[in-house]
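Colleague: Coordinates for the following, if possible.
(one chain, ligands or ions: 1)
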Amino acid sequence: MNAPVERPRRSAVPADVLARIRQVVGDKGCIDSPAEIEPFCIAWRDNWHGSVPLVVRPSSTAEVAEVVRICAEAGVPIVPQGGNTGVTGGSQPHEDGSEIILSTGRMNKVREIDLLNETMTVEAGCVLAEIQNQADAVDRLFPLSLGAEGSCQIGGNLSTNAGGVQVLRYGNTRNLVLGVEVVLADGSVWNGLRGLRKDNTGYDLKQLFIGSEGTLGIVTAAVLRLLPKPSDTVTAFAAVPDPQAAVKLLARARSAVGEQVTSFELIERICIDLDLAHIPDVVDPLGATYEWYVLAEIAGQGAPGTLREPVEDWLGAAAEEGLVLDATIAASAGQAAQLWKVRESVSEAQLHCGASIKHDVSVPVSRIPEFIATVNAALAARYPGIKGVTFGHIGDGNIHFNPVRPDDWADADFYGERENVNRVVHDIVAEIGGSISAEHGLGRLRRDEARLYKPKIEMDLMARIKRALDPDNILNPGKVI
Ligand SMILES: Cc1cc2nc3c(=O)[nH]c(=O)nc-3n(C[C@H](O)[C@H](O)[C@H](O)COP(=O)(O)OP(=O)(O)OC[C@H]3O[C@@H](n4cnc5c(N)ncnc54)[C@H](O)[C@@H]3O)c2cc1C
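Modeller: Numbering: from 1, shown residues only. Next comes the predicted model:
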């Protein structure tokens, strides 16, 4: 196994560096009181808790470039941070106080909307939900959508190549970006803000930065694709006998309404029970309880109401085939939101349910049932009483598999088994030809495991790219690679 790229320094950030940064960004751009720094240093799931002497909040690309130049000269590592909703520790500093956080929150302008080119140029600190709203206001759709959309920022979305609930139809973030502006590790600025759908003039450099989790450059702005806004949307919640039926139901949906299948989410019953126990205002969608459910959204451009009939036909035919046990179709936008709340609340509900070990894996869609059956059997044999909590974007082959400790185990004992549980789960994923990180990235959480599962030549190529773009390893060291 090849070694990780080493972190460069472990001493405190020199006072003169902090002073020079303050001169660039002013008092407004500096947070240095420990109480105010604290929230930037804690991860969403509270599983990483770092320390920095300064959170710098530049207000422009020029300020970012100047801050990076100062840090590069002094060899001070920088942790880029957007909304800090990442779940793999990528936006968290290390514990030794040797780094600074660069937060993009003040860079939140929409620079341009070009309706004829169907693009929007935004700064990195724009909150995803705000971008969705701005697109909606000009009668367009920006389709990236995920549970953290009220807090996560587009710079973070690009840097993690975020997925979410509409990848099935629109692709992940990578597919939604036409251009980027990036500050490189030496403080130089690459303005690649081109709104081109075709540009074959060599390597597609923007793709290097998308998904690189802040290790190759700091994204300061992006040109995003806008899409036609659907005029008719149907949201359905169906109980299915098992994951195999869910996969078949997706295939039937594609045959019935084609590309209009926008979201297709799998939810195990235990997820709804956790929601009902821990999240206010969640409603159990169907009268009876079942073991497995699917939440589907179908969206098209026809007159409002036209999609309901084909969706009813699809569900009716699937019920006759035994693929659907029960189903409801939302009668209003409010009811659709209620159904989505069931799905979107699962991550938060899991914060309250005792120790659980999280996995964000992908396998070919056709092999999801095999993955779920195999992994549950393997873990039950080793840890009797373990509860497999399964949900996720089944249409993308992306399963969040977050088993919870047996009732008679202490949290600490179960977390002590984390490495062993990961090995069981990820070995099965690898055997099925899957990935150990479908959409959350590697960060600190999966950095070392990636070296177990990715081919050595891929890790070598990544290390060569990192060395070429950040030879002194000052951009988010210790993450990804
Ligand atoms: C409730 C909940 C639901 C979620 N659902 C999904 C989901 O469905 N799909 C999904 O993919 N993710 C999901 N996530 C994970 C997370 O929201 C995404 O990874 C999101 O894209 C992170 O954006 P952020 O602005 O919070 O980034 P941060 O957490 O601040 O940073 C994430 C990474 O990007 C780097 N980074 C941030 N900004 C920049 C920048 N401007 N330039 C360079 N590097 C940068 C950071 O250093 C870090 O490595 C969910 C998280 C939560 C809490």
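
Colleague: what about the helix or strand where residue 297 lies and the ligand, any contact?
Modeller: Using DSSP states H and E, residue 297 sits within strand 292-300. No: between strand 292-300 and the ligand, judged by CB under 6 Å from any ligand atom, nothing touches; the nearest distance is 13.0 Å. C-betas here are computed from N, CA, C, even on glycine.

Colleague: Which residues of the stretch 301-450 of the chain lie near the ligand?
Modeller: Within the stretch 301-450 of the chain, the positions adjacent to the ligand are 347, 439-440, 443 by CB under 6 Å from any ligand atom.

Colleague: picking up where we left off before, relative to strand 292-300, how tilted is the helix or strand following the strand holding residue 297?
Modeller: Of the helices and strands lying after strand 292-300 in sequence (DSSP H and E), the nearest is helix 308-320. Inter-element angle recorded for helix 308-320 and strand 292-300: 150 degrees (by axes from the mean of the first three to the mean of the last three CA atoms, to 10 degrees).

Colleague: Let's test this: mean pLDDT of helix 308-320, rounded?
Modeller: Averaged across helix 308-320, pLDDT comes to 98.

Colleague: elements contacting the next helix or strand along the chain from it?
Modeller: For helix 308-320, the succeeding helix or strand toward the C-terminus, using DSSP H and E, is strand 326-329. Helices and strands touching strand 326-329, by 3 or more CB pairs under 8 Å, 6 or more residues apart in numbering; DSSP states H and E, are strand 232-240, helix 308-320.

Colleague: For strand 326-329, C-alpha coordinates in PDB please.
Modeller: Provided in PDB are the C-alpha atoms of strand 326-329 (Å, rounded to 0.1, in the frame of the first residue of the first chain):
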ATOM      1  CA  ASP A 326     -49.500  -0.200  -1.000                       C
ATOM      2  CA  ALA A 327     -49.000   3.400  -2.300                       C
ATOM      3  CA  THR A 328     -50.000   7.000  -2.000                       C
ATOM      4  CA  ILE A 329     -49.600   9.900  -4.400                       C
END
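
Colleague: Now residue 172. Nearest residue, chain neighbours left out?
Modeller: residue 163 (4.7 Å; CB to CB, 6 or more residues apart in numbering).

Colleague: That neighbour touches residue 148, doesn't it?
Modeller: No: counting by CB atoms under 8 Å, residue 163 sits too far from residue 148 to count as a contact (11.7 Å).

Colleague: Show me which of the two is the more surrounded one.
Modeller: For residue 163 versus residue 148, neighbours defined as other CB atoms under 10 Å are more numerous around residue 163 (25 against 22).

Colleague: Check what pLDDT that one gets.
Modeller: 97.

Colleague: Residue 271 contacts residue 347, doesn't it?
Modeller: No: Residue 271 is beyond contact range of residue 347, at 9.7 Å (criterion: CB under 8 Å).

Colleague: more crowded one of the two?
Modeller: residue 271 (24 against 18).

Colleague: Now do whichever helix or strand the more buried one is part of and strand 292-300, the angle between them.
Modeller: For residue 271, the host element (DSSP H and E) is helix 269-278. Put simply, helix 269-278 runs at 90 degrees to strand 292-300, going by the same axes, to 10 degrees.

Colleague: And helix 269-278, what's buried?
Modeller: With burial defined by 16 or more other CB atoms under 10 Å, the residues of helix 269-278 counted as buried are 269-272, 274-275.

Colleague: Dump the residues you listed to CSV, plus pLDDT.
Modeller: Below are the buried residues of helix 269-278 laid out as CSV (pLDDT from 0 to 100):
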residue, pLDDT
269, 97
270, 96
271, 97
272, 97
274, 96
275, 97
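
Colleague: Make JSON lines from those residues and add distance to residue 417 to it.
Modeller: Output for the buried residues of helix 269-278, formatted as JSON lines (distance: CB to CB, whole Å):
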{"residue": "269", "distance to residue 417": "24"}
{"residue": "270", "distance to residue 417": "19"}
{"residue": "271", "distance to residue 417": "22"}
{"residue": "272", "distance to residue 417": "26"}
{"residue": "274", "distance to residue 417": "21"}
{"residue": "275", "distance to residue 417": "26"}
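
Colleague: just these that are near the ligand?
Modeller: Okay, of these, nothing touches the ligand (CB under 6 Å from any ligand atom).

Colleague: any idea which of those residues is the one closest to residue 311?
Modeller: Using CB to CB, residue 272 comes nearest to residue 311 of the buried residues of helix 269-278, at 21.8 Å.

Colleague: Quick check: residue 158 is in a strand.
Modeller: No: counting by DSSP: H, G, I helix; E, B strand; the rest coil, residue 158 falls outside a strand, being helix.

Colleague: how near is it to residue 458?
Modeller: Going from residue 158 to residue 458 by CB to CB, to the nearest Å gives 21 Å.

Colleague: between those two, who's got more neighbours?
Modeller: Ranked by neighbour count (other CB under 10 Å), residue 158 and residue 458 place residue 158 first, with 27 against 12.

Colleague: tell me the secondary structure for residue 71?
Modeller: helix.

Colleague: and if you look at residue 79?
Modeller: Quick answer, by three-state DSSP: residue 79 is strand.

Colleague: okay, now it: neighbour count?
Modeller: Using other CB under 10 Å, residue 79 has 25 neighbouring residues.

Colleague: what residues are up against it?
Modeller: Residue 79 sits next to 50, 52, 91-93, 99-102, 214, 476 when contact means CB atoms under 8 Å, 6 or more residues apart in numbering.

Colleague: cutoff 6 Å now
Modeller: 93, 99, 101, 476 (CB atoms under 6 Å, 6 or more residues apart in numbering).

Colleague: Do I have it right that the second one meets residue 93?
Modeller: Spelled out, it's residue 99. Yes: using CB atoms under 6 Å, residue 99 makes contact with residue 93 at a distance of 4.6 Å.

Colleague: Now the common contact residues for the two.
Modeller: By CB under 6 Å, 6+ apart, the residues touching both residue 99 and residue 93 are 52, 79.

Colleague: How about residues contacting stretch 305-313?
Modeller: Contacts of stretch 305-313 with the rest of the structure, by CB under 6 Å, 6+ apart, involve 232, 234, 256-257, 298, 300.

Colleague: Among those, which one sits closest to residue 384?
Modeller: Nearest member of the contacts of stretch 305-313 to residue 384, counting by CB to CB, is residue 298, at 41.0 Å.

Colleague: Alright, that wraps it up for me.
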